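Q: missing the sequence, but the structure's below:
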């Protein structure tokens, strides 16, 4: 499998441990000093930033749960002044108050690099057309993979969701190489392809990154398939932002037989390729 940043993705376990530890210490101190909510959480359990010495101490940290995000709506968990933010996203709020995410310019670059790593792990190259059918808007949606495609020098096609027959036409006419959307929408595109009397084998698609929903092996088998297609998926939490109290940015590596945070994957031997889809190789703390 190809890698985008081998100096990190194929680094030794000792090097990753050192990087993770240094970034965790920085994140913990930032959260404690900049976010009153986290200072209270730490003080309640008698934990000080100096009690965290390495990534091995991560189990000492208090959990952040969904209600914490809602209770601090809209900007209560931000660790930087608003003047440093270049973008704000929010969840749909379908199950309660929206959860809000702020991004600095550095955060956006990290996000783009992480998506570029996922695309590369799926077999993407700078010569590909990446058809992004996630929604664009207040929810993070398609922007991550859009910027990821641009980061790696590929051609991003910001189709967004809906108007499925037009999506199929663009897949045909533009010769898209990689499809990015939810598993259910990939299935619907596949059904539309068949309903339009098109042989899926005539499409140039060879890979797909499907996420933001749970999906089963049956859905995997039912999605668009061509003789050369593969269906890896990279999932992130919608609130994953270093600006949001510098919490860990965990990408999940999900493929046939693999579904675990990158920290749980076995480390490759020095010089071997790593199958991790994380933006910083195993629980990067940005």
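A: Alright, I've got the coordinates. What you are looking at is a predicted structure, and each value in this text was computed from that prediction instead of being measured.
Q: please name the nearest non-neighbouring residue to residue 212.
A: Among residues not flanking residue 212 along the chain, residue 182 sits closest, at 5.2 Å (Cβ to Cβ, 6 or more residues apart in numbering). From N, CA and C alone the C-beta is placed, and that goes for glycine too.
Q: apologies, that question was intended for residue 70.
A: Nearest to residue 70 is residue 97, by Cβ to Cβ, 6+ apart, at 4.3 Å.
Q: would you confirm that that neighbour belongs to a helix?
A: No. Residue 97: not assigned to a helix; according to DSSP: H, G, I helix; E, B strand; the rest coil it is coil.
Q: state the distance from it to residue 76.
A: Using Cβ to Cβ, to the nearest Å, we find residue 97 at a distance of 12 Å from residue 76.
Q: hang on, the residue nearest to residue 212 packs against residue 134?
A: Yes. Counting by Cβ atoms under 8 Å, residue 182 touches residue 134, with 7.1 Å between them.
Q: mutual contacts of those two, please.
A: residue 212 (Cβ atoms under 8 Å, 6 or more residues apart in numbering).
Q: who has more neighbours out of these two?
A: Using other Cβ atoms under 10 Å, the more surrounded residue of residue 182 and residue 134 is residue 134, with 25 against 20.
Q: picking up where we left off before, and the residue nearest to residue 212, its phi and psi?
A: phi -70, psi 160 (degrees, to the nearest 10).
Q: burial count for residue 68?
A: Residues near residue 68, counting by other Cβ under 10 Å: 16.
Q: ignore the last one, residue 144
A: 25.
Q: element containing it?
A: Using DSSP states H and E, residue 144 maps to helix 143-151.
Q: list the buried residues of that helix.
A: Neighbour-count burial for helix 143-151 flags 143-149, 151 (criterion: 16 or more other Cβ atoms under 10 Å).
Q: ranges for the strands of the stretch 51-200 of the chain?
A: 85-90, 100-104, 129-132, 155-158, 178-181 (DSSP state E, counting those that start in this stretch).
Q: who does the first one pair with, and is each partner parallel or antiparallel?
A: Put plainly, it is strand 85-90. strand 100-104 (antiparallel) (DSSP bridges).
Q: mean confidence (pLDDT) on the partner strand, please.
A: Strand 100-104 carries an average pLDDT of 96.
Q: tell me the angle that strand makes with helix 143-151.
A: Strand 100-104 runs at 20 degrees relative to helix 143-151, counting by axes from the mean of the first three to the mean of the last three Cα atoms, to 10 degrees.
Q: re earlier: nearest to residue 2, out of the strands of the stretch 51-200 of the chain?
A: Residue 2 lies closest, by Cβ to Cβ, to one member of the strands of the stretch 51-200 of the chain: strand 178-181, at 13.1 Å.
Q: run through who's touching that closest one.
A: Outside strand 178-181, the residues touching it (Cβ under 8 Å, 6+ apart) are 119, 122-124, 128-134, 142, 145, 154, 161, 171, 186, 189, 205-210, 224.
Q: now, which of those residues lie within helices?
A: 119, 145, 171, 186, 189 (DSSP state H).
Q: nearest to residue 27 among those?
A: residue 145 (25.3 Å).
Q: hmm, the closest one is touching residue 115, no?
A: Yes. Judged on Cβ under 8 Å, residue 145 makes contact with residue 115 at a distance of 5.0 Å.
Q: so where do the helices sit in the protein?
A: 6-9, 13-34, 36-44, 66-71, 105-121, 143-151, 164-174, 183-195, 217-222.
Q: between those, which gets nearest to residue 58?
A: Taking these one by one with Cβ to Cβ, helix 13-34 is closest: 6.4 Å.
Q: coming back round to it: centre of the chain to the helix holding residue 144, how far?
A: Distance, stretch centre to chain centre, for helix 143-151: 11 Å (Cα atoms, centre = their mean, to the nearest Å).
Q: report the angle between that helix and helix 105-121.
A: 80 degrees.
Q: residue 31: neighbour count?
A: 23.
Q: average pLDDT for stretch 171-187, rounded please.
A: 95.
Q: same thing with stretch 200-209?
A: 93.
Q: mind checking the end-to-end distance for that stretch?
A: 17 Å (Cα to Cα, to the nearest Å).
Q: and stretch 77-91, by the same measure?
A: 15 Å.
Q: buried residues, it. List them.
A: 77-80, 85, 87-91.
Q: how far does that stretch sit from its chain's centre?
A: Using Cα atoms, centre = their mean, the offset of stretch 77-91 from its chain centre is 18 Å.
Q: average pLDDT for it?
A: The model assigns stretch 77-91 a mean pLDDT of 95.
Q: that's all I had, so thanks and see you.
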